[in-house]
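K.L.:
Below are the sequence and a predicted model; questions follow.
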Amino acid sequence: MPRRILLGQSLIAATCVAGVSLFATPGAYLTAGLLGLSAAVAVAVPTILAVRASSDAIRRLTFRVDQLAAGEFSGKVYVGVGGELRALAQSVNALSEATAGRLDQLERDRRRLAGILSGLVEGVVALDAEDRIVFANARAGSLLEFPPDRAVGRKFWEVVRQRTVDELVRDASMAQEPRRADIDWQSASPRSLAVYAAPLAGDATGMIVVIHDMTDLRRLEKLRQEFVANVSHELKTPLAVIKASAETLIDGAVEDVAYRRKFLDQIAEQSDRLHALILDLLALARIEGNAVPAEPAAVSVDEHVGAAVERHRIRAEAKQIELYQIAGPAVTAWAEEEAVEVMLDNLIDNAIKYTPEKGRITVKWGDQAGCTWLEVSDSGVGIPEADLPRIFERFYRVDKARSRELGGTGLGLAIVKHLAQTNGGSVSARSAVGKGSTFTIKLPAMPPGR
Ligand code: ADP
């Protein structure tokens, strides 16, 4: 284009010079005028075309830049001209490509972060400087009972209507320091929550609220406290009797032959009780410490039932109780041998304890759907329906006095339950008061995976 403009300018100059010096007649003036006009046209047309192409390129560039400003990064701008406008179009295209790439990366990072936060077991809520929810993961929604997808943009206190939590967030926001509170969440499913609220670090303004569900931990703590209280109580009673008997003997009863015997018997009896209790506690601690059986093997059920029945025969005969086994198929259980012995001993021992004289106890076994079962039934006192779900708890007894009198520790069934579970099985009970009880142990017949 610049070359064409130069050519046009030279033509005009030549025409003027020629017009002035050579043509002085009217005809000559006309000729000169026509010549000048054609020269002017020859110059103007390319110029108009060039200007039009440039303004078209500028229009396209403006349109593309407006698109970029509106967030439309896909697409390119092409201009039908060269030079600086083409270079500008290339720069705009490069800019939009780079911005689109960066935005893509940001979106991928945002999704990854959202994925990580939604996978957390903790609830996480992010608030802006006006306490509006910017982000809340699904766990926060389930713990604080609000729909996280519909909470974004709303004020935290509008969404979470529990005073203690709102106060904690407000407090941390005003102090610009982290705050923590343990909260008993009152709702249809009450929970123990630990809630942390902390101002965002760095240049960001706003808060982060993290919620931990402590319900299981608190329940375990409570169970542990109850267990310690129960153990102390169980140890205290026999120790008190032993202490009182020994003191009475020291104070002079030792000289009296009739009294001496009575107090010594009491000491022996209570020491036996303490001994049994400590053995059961140690057994329970050992079993609870093992998540899996140490040495499982194919245990022959009929052999073990036969041996267990023989071990208890004398005690059963002392109460004139009929104790026998009903022979079942020759099955094996995949379990620890000692565990099978302890479970059978505890169940037969209970059956003898809680069956009045001249009663009957039977032990049966069999297999069903890959599982070996063992059943100990008695014609004893039975267990009320209300107590049945709790008898496998540690120290739970239907009749405390009777259990103690019979030398019970309150731990026998808890030991059976833990042993059955550790060996991949279960134990259950059914009973009718005054008619008798049946305890069923189920164990895997084969190693897992076979
Ligand atoms: P304990 O040492 O008191 O027998 P267990 O844990 O073995 O403790 O049993 C818990 C409670 O379950 C017993 O105190 C008793 O009330 C009840 N129980 C267990 N076995 C029987 C049974 N065969 N017949 C009736 N009650 C039973």
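P.N.:
Noted; the coordinates are in hand.

K.L.:
now Glu337: how far from the ligand?
P.N.:
According to C-beta to the nearest ligand atom, to the nearest Å, Glu337 and the ligand sit 21 Å apart. C-beta coordinates here come from the backbone N, C-alpha and C atoms, glycine included.

K.L.:
and that residue, what does it touch?
P.N.:
Glu295, Ala297, Val299, His304 (C-beta atoms under 8 Å, 6 or more residues apart in numbering).

K.L.:
pLDDT at it, what is it?
P.N.:
You'll see Glu337 listed with a pLDDT of 95.

K.L.:
Repeat that for Arg86.
P.N.:
We have a pLDDT of 89 for Arg86.

K.L.:
How about the one 5 residues further on?
P.N.:
The predicted structure scores Ser91 at 92 on the pLDDT scale.

K.L.:
quick one: it from Val77, how far?
P.N.:
10 Å (C-beta to C-beta, to the nearest Å).

K.L.:
repeat for Ala94
P.N.:
From Ala94 to Val77 the distance is 11 Å (C-beta to C-beta).

K.L.:
Could you check which of the two has the larger neighbour count?
P.N.:
Using other C-beta atoms under 10 Å, the more surrounded residue of Ala94 and Val77 is Val77, with 19 against 11.

K.L.:
Provide the count of other residues in contact range of the residue nearest to that one when sequence neighbours are not counted.
P.N.:
Nearest in space to Val77, with sequence neighbours left out and distances taken as C-beta to C-beta, 6 or more residues apart in numbering, is Arg64 at 3.8 Å. Arg64 is flanked by 21 other residues according to other C-beta under 10 Å.

K.L.:
Also Leu200?
P.N.:
By the criterion of other C-beta under 10 Å, Leu200 has 14 neighbours.

K.L.:
confidence score at the residue lying closest to Pro238 once chain neighbours are set aside?
P.N.:
If the residues on either side of it in the chain are set aside, Pro238 comes closest to Gln270, at 3.8 Å by C-beta to C-beta, 6+ apart. Looking at Gln270, its pLDDT is 93.

K.L.:
Check Gly71 too.
P.N.:
On the pLDDT scale, Gly71 is placed at 86.

K.L.:
what secondary structure does it sit in?
P.N.:
What DSSP: H, G, I helix; E, B strand; the rest coil gives for Gly71 is coil.

K.L.:
Quick check on it: phi, psi?
P.N.:
phi 90, psi 10 (degrees, to the nearest 10).

K.L.:
one step back: in contact with the residue nearest to Val77, which residues?
P.N.:
Gly75, Lys76, Val77, Ala89, Val92, Ser96.

K.L.:
Now name the helix or strand holding the second one.
P.N.:
When secondary structure is defined using DSSP states H and E, no element contains Lys76, which sits outside every helix and strand.

K.L.:
for the fifth one, same thing?
P.N.:
Under the criterion DSSP H and E, the helix or strand holding Val92 is helix 83-118.

K.L.:
so how far is that helix off the chain centroid?
P.N.:
36 Å (C-alpha atoms, centre = their mean, to the nearest Å).

K.L.:
Give the rounded mean pLDDT of the very next helix or strand once past that helix.
P.N.:
The helix or strand immediately downstream of helix 83-118 is strand 123-127, counting by DSSP H and E. Per-residue pLDDT over strand 123-127 has a mean of 94.

K.L.:
what about dumping the CA coordinates of strand 123-127 to CSV?
P.N.:
C-alpha atoms of strand 123-127 as CSV (Å, rounded to 0.1, in the frame of the first residue of the first chain):
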residue,chain,number,x,y,z
GLY,A,123,-16.7,-31.3,58.2
VAL,A,124,-15.2,-28.2,56.6
VAL,A,125,-17.0,-24.9,56.0
ALA,A,126,-15.2,-21.8,54.5
LEU,A,127,-16.7,-18.4,55.2
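
K.L.:
who does the helix or strand just after that strand pair up with?
P.N.:
Using DSSP H and E, the helix or strand that follows strand 123-127 in sequence is strand 133-136. The pairing partners recorded for strand 133-136 under DSSP bridges are strand 123-127 (antiparallel).

K.L.:
Of all the residues in the strand it pairs with, which ones are buried?
P.N.:
Residues Gly123, Val124, Val125, Ala126, Leu127 are the ones in strand 123-127 that count as buried (16 or more other C-beta atoms under 10 Å).

K.L.:
The last one pairs with what?
P.N.:
Beta bridges link Leu127 to Ile133, Met207 when assigned by DSSP bridges.

K.L.:
same deal with the first one?
P.N.:
Residues found in beta-bridge contact with Gly123 (criterion: DSSP bridges) are Ile211.

K.L.:
Test my guess that it contacts Asn137.
P.N.:
Yes: the criterion here is C-beta atoms under 8 Å, and Gly123 meets it with Asn137 at 6.4 Å.

K.L.:
Let me see the ranges of the helices in the stretch 101-250 of the chain.
P.N.:
Along the stretch 101-250 of the chain, the segments classed as helices by DSSP state H, counting those that start in this stretch run 138-144, 148-151, 156-159, 163-175, 215-250.

K.L.:
How far off centre is the first one?
P.N.:
Distance, stretch centre to chain centre, for helix 138-144: 12 Å (C-alpha atoms, centre = their mean).

K.L.:
and that helix, which residues are buried?
P.N.:
Using 16+ other C-beta under 10 Å as the test for burial, helix 138-144 gives Ala138, Arg139, Ala140, Gly141, Leu143, Leu144.

K.L.:
okay, among these, which ones form the most distant pair?
P.N.:
Ala138 and Leu144 (11.3 Å; C-beta to C-beta).

K.L.:
thought Gln67 was touching Gly75?
P.N.:
Yes: here Gln67 lies in contact with Gly75, judged by C-beta under 8 Å, at a distance of 7.0 Å.

K.L.:
Neighbour count for these two, which is higher?
P.N.:
Gln67 (16 against 11).

K.L.:
Could you find the closest non-adjacent residue to Ala198?
P.N.:
Pro178 (3.8 Å).

K.L.:
The chain against the ligand: which residues are in contact?
P.N.:
350-351, 354, 378, 380-383, 391, 396-399, 403, 408-414, 437 (C-beta under 6 Å from any ligand atom).

K.L.:
In strands only, show me these.
P.N.:
Asp378, Ser437 (DSSP state E).

K.L.:
Which parts of the stretch 301-450 of the chain are helices?
P.N.:
Using DSSP H, counting those that start in this stretch, helices in the stretch 301-450 of the chain cover 301-318, 337-353, 400-405, 412-422.

K.L.:
Endpoints of stretch 420-429, how far apart?
P.N.:
13 Å (C-alpha to C-alpha, to the nearest Å).

K.L.:
Would you mark the buried spots in that stretch?
P.N.:
For stretch 420-429, by 16+ other C-beta under 10 Å, it's Ala420, Thr422, Asn423, Gly424, Gly425, Val427, Ala429.

K.L.:
cool, stretch 298-317 as well?
P.N.:
For stretch 298-317, by 16+ other C-beta under 10 Å, it's Val299, Val301, His304, Val305, Ala308, Val309, His312, Ala316.
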